[in-house]
Every structure is written in C-alpha cells, then in structure tokens.
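**Q** 3D model of this:
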Amino acid sequence: MARGVMESLILYAARGAFQLHAFCFMPEHMHVLAEGTEDRRDLLELIRALKLRTAFACRRSHGRRLWEMSYYEHILRGSDSVEVVAT
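**A** Numbers count the residues shown, from 1 in each chain. The predicted model follows:
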C-alpha cells in the first residue's frame, strides 16, 4: 500500500507544481516536505487528489479506510531552513 501512496504522491506533486524534498511513511501516518514551484500551486488540491485516489484503491483492495478526514500542515517561512526541518 505504501508504494501506491508514494507513486501517487510523486505524480500529484508534479502535476500540482510541488517539489518533494522529503517524505516518510509511518505505520499510521506520513510526513511530506513539499515546496510549491509556481504561483498556481494548491496544497489543498494536492492533498485532496492524493487522498481520493489512494483511499479508493485501499478500499477496493483491502476493504478498509485509509485516511482521516483532515490533516495537519505547517508552512515554512523564508527564514526556515528546509534542510533543518527535514532532519
């Protein structure tokens, strides 16, 4: 299941104009460090598309729910170091 989520994450990040700096899959959640590369970027749309596609696949193949309804985001400011946050 994690491989399918990873492939979808990479696909939708590219489509949504996001550069993936890091991601990590945990048993019950995942962490993603992404940076918008264009003005048209939309994090909400990226998460919506990712969760929709992978939730459908999980329900079909495993008969269970994959995601919670919401998610937590933290927006880095210009003074924040991507490298420090990723470690």
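**Q** Which element, helix or strand, includes residue 49?
**A** helix 43-62 (DSSP states H and E).
**Q** Name the next helix or strand downstream of that helix, please.
**A** helix 82-86.
**Q** Could you pull up the mean pLDDT of that following helix?
**A** For helix 82-86, mean pLDDT rounds to 82.
**Q** What lies in contact with it?
**A** 21-22, 33, 35, 76 (C-beta atoms under 8 Å, 6 or more residues apart in numbering). Glycine gets a C-beta too; all of them are placed from N, C-alpha and C.
**Q** Can I take it that residue 33 is in a strand?
**A** Yes - counting by DSSP: H, G, I helix; E, B strand; the rest coil, residue 33 is found in a strand.
**Q** who touches it in this structure?
**A** Residue 33 neighbours (C-beta under 8 Å, 6+ apart): 20-23, 82, 85-86.
**Q** any idea how far residue 50 is from residue 16?
**A** 9 Å (C-beta to C-beta, to the nearest Å).
**Q** With residue 39 instead?
**A** 21 Å.
**Q** Let me see the confidence value for the residue sitting furthest away from the middle of the chain.
**A** Going by C-alpha atoms, centre = their mean, the residue of the chain most distant from its centre is residue 79, 22.9 Å out. Here the pLDDT value assigned to residue 79 is 81.
**Q** ok, now residue 29?
**A** Value listed for residue 29 in the pLDDT field: 88.
**Q** just the one 5 residues further on next, same as before
**A** Taken from the predicted model, the pLDDT recorded for residue 34 is 91.
**Q** oh, and call the first residue 59 from now on, that's how I've got it
**A** With the count now opening at 59, the last piece we talked about shows up as residue 92.
**Q** Enumerate the beta-bridge partners assigned to it.
**A** residue 78 (DSSP bridges).
**Q** hang on, it packs against residue 104?
**A** Yes - here residue 92 reaches residue 104: they are 7.4 Å apart, a contact under C-beta atoms under 8 Å.
**Q** got any residues that touch both of these two?
**A** Joint contacts of residue 92 and residue 104 (C-beta under 8 Å, 6+ apart) are 71, 76.
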